[in-house]
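In: Coordinates for the following, if possible.
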Amino acid sequence: MKTKKLLLCSVALCYTTVGFAQHQNGFQSFFGLESTEWNGVTEYYDVPWENQLLRITNDTLISDMYFKKVEYSAVYWHNGYSEGRDSSLDFFLREDTATGKLWCRFPDGNADLIIADMSLSIGDTIWLPNYVDYRDSVMYTVLDTLTQDGYYTITLIDEFTERSIMFIEGVGCSNLLDYLRLHIIGSRMVCCHKDGELIYHYSMEGWSEEDCVVRPVGINDCVENQKVHIWPNPCNDWIYINSDEYIESAKIYDMMGHLILDNISCKDKVCIKNLPQGIYLLFVETNYSKSQIKIIKQ
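Out: The predicted structure follows:
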């Protein structure tokens, strides 16, 4: 029974026990079936808010265990979308859905560092990597557990600095950006996409869902353009593409960034009946802008 959290301590402890009992068959995976992306923001000493992107790529076998490789990019919206890759900040993740645990490993290390554990209860403690120096660790204590906006969450606090973080089932750790090994002040995950769908959004001042746009691998410099229209959507065998601007090119990619249809003619309806059911991205370049539109093939 995970409803509104009561303030009475005895009731809160009972609430935690019942909440964990409901997860005895396991927790939601932190990863999508085909793709996973996390958007986040960081605040440096002398740099304003900046959008960071962590993209989960293929499985990697390390020490007889499968990890997901995490690719890091810095995302900028000045004069349109652009993405700057920095492979030196890539790392690896693996999970255990039975306990809801998530570990990270760096390319130059041979030890796995725990960064999420959904099986914790109120009062439990956990040692997490220090966000200032990942070779050190800091003890966090669980303050509460609750279901909020459909997500089972665990809130923890660092007893020395009173810095709080959250473990979010099926999403990840709210301070995931801390594990980029940068000296960061104020790290927050704000968006999580799975298989191209925005499944989690943390509301904060100056940040909206419009900033949480999934990006296929290799597709840069694109922004949402309300002047490009398609119909019907969802679709079956055909789609129509129209724009207030002159369309120079149109292409369809799958959610892994693979080019599916090229050189699309927008003068007539576009045949997509040979595409399997799923989600695709239509990229349209006009004489003034570039844009993307999500297509749902039924």
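
In: Could you use CA atoms for every contact and neighbour count after this?
Out: Will do.

In: can you give me the strands in the stretch 1-150 of the chain?
Out: For the stretch 1-150 of the chain, strands defined by DSSP state E, counting those that start in this stretch occupy the ranges 36-43, 50-62, 65-76, 82-85, 91-96, 101-105, 113-117, 125-129, 137-148.

In: for those, which one ends up most surrounded?
Out: Of all the strands of the stretch 1-150 of the chain, strand 36-43 carries the top mean neighbour count, a mean of 23, counting by mean count of other CA atoms under 10 Å.

In: packing partners for that one?
Out: Applying 3 or more CA pairs under 8 Å, 6 or more residues apart in numbering; DSSP states H and E, one finds that strand 36-43 contacts strand 50-62, strand 185-194.

In: tilt between the helix or strand following the shortest one and strand 185-194?
Out: The one in question is strand 185-194. The element immediately downstream of strand 185-194 (helix or strand, assigned by DSSP states H and E) is strand 197-201. Relative orientation of strand 197-201 with respect to strand 185-194: 150 degrees, computed using axes from the mean of the first three to the mean of the last three CA atoms, to 10 degrees.

In: For strand 197-201, which residues meet the burial criterion?
Out: For strand 197-201, a neighbour-count test (16 or more other CA atoms under 10 Å) marks E197, L198, Y200, H201 as buried.

In: How far does it sit from its chain's centre?
Out: Here strand 197-201 is found 8 Å from its chain centre; the criterion is CA atoms, centre = their mean, to the nearest Å.

In: could you point out which element follows it?
Out: Using DSSP H and E, the helix or strand that follows strand 197-201 towards the C-terminus is strand 228-231.

In: out of the buried residues of strand 197-201, who's nearest G26?
Out: Y200 (20.0 Å; CA to CA).

In: shaky segments in the stretch 151-298 of the chain?
Out: For the stretch 151-298 of the chain, the stretches with pLDDT under 70 are 181-186, 204-227, 255-257, 267-268.

In: what about 80?
Out: 177-187, 196, 203-228, 244, 253-259, 263, 265-269, 278-279, 281, 287-294 (pLDDT under 80).

In: Nearest to D136, out of the helices and strands packed on strand 36-43?
Out: Ranking the helices and strands packed on strand 36-43 by proximity to D136 (CA to CA) places strand 185-194 first, at 16.8 Å.

In: Can you give the strand pairings for that closest one, parallel or anti for each?
Out: According to DSSP bridges, strand 185-194 forms sheet pairs with strand 36-43 (antiparallel), strand 197-201 (antiparallel).

In: what angle do that strand and strand 50-62 make?
Out: 60 degrees.

In: chain center to strand 185-194: distance?
Out: With CA atoms, centre = their mean, you get 7 Å for strand 185-194.

In: Likewise for stretch 250-269?
Out: On CA atoms, centre = their mean, the centre of stretch 250-269 falls 25 Å from the chain's centre.

In: what comes up buried for that stretch?
Out: Under the neighbour-count criterion of 16+ other CA under 10 Å, stretch 250-269 has A250, K251, I252, Y253, D254, M255, M256, L261, I264, C266, K269 buried.

In: Mind checking which of those residues are in helices?
Out: Judged by DSSP state H, helices contain none of the buried residues of stretch 250-269.

In: For those residues, work out which two are farthest apart.
Out: M256 and K269 (24.9 Å).

In: For the closest residue to W238 other than its chain neighbours, grab phi and psi.
Out: Counting by CA to CA, 6 or more residues apart in numbering, W238 lies nearest to C271, which is 4.7 Å off, once chain neighbours are set aside. C271 adopts backbone torsions of phi -80, psi 120, taken as degrees, to the nearest 10.
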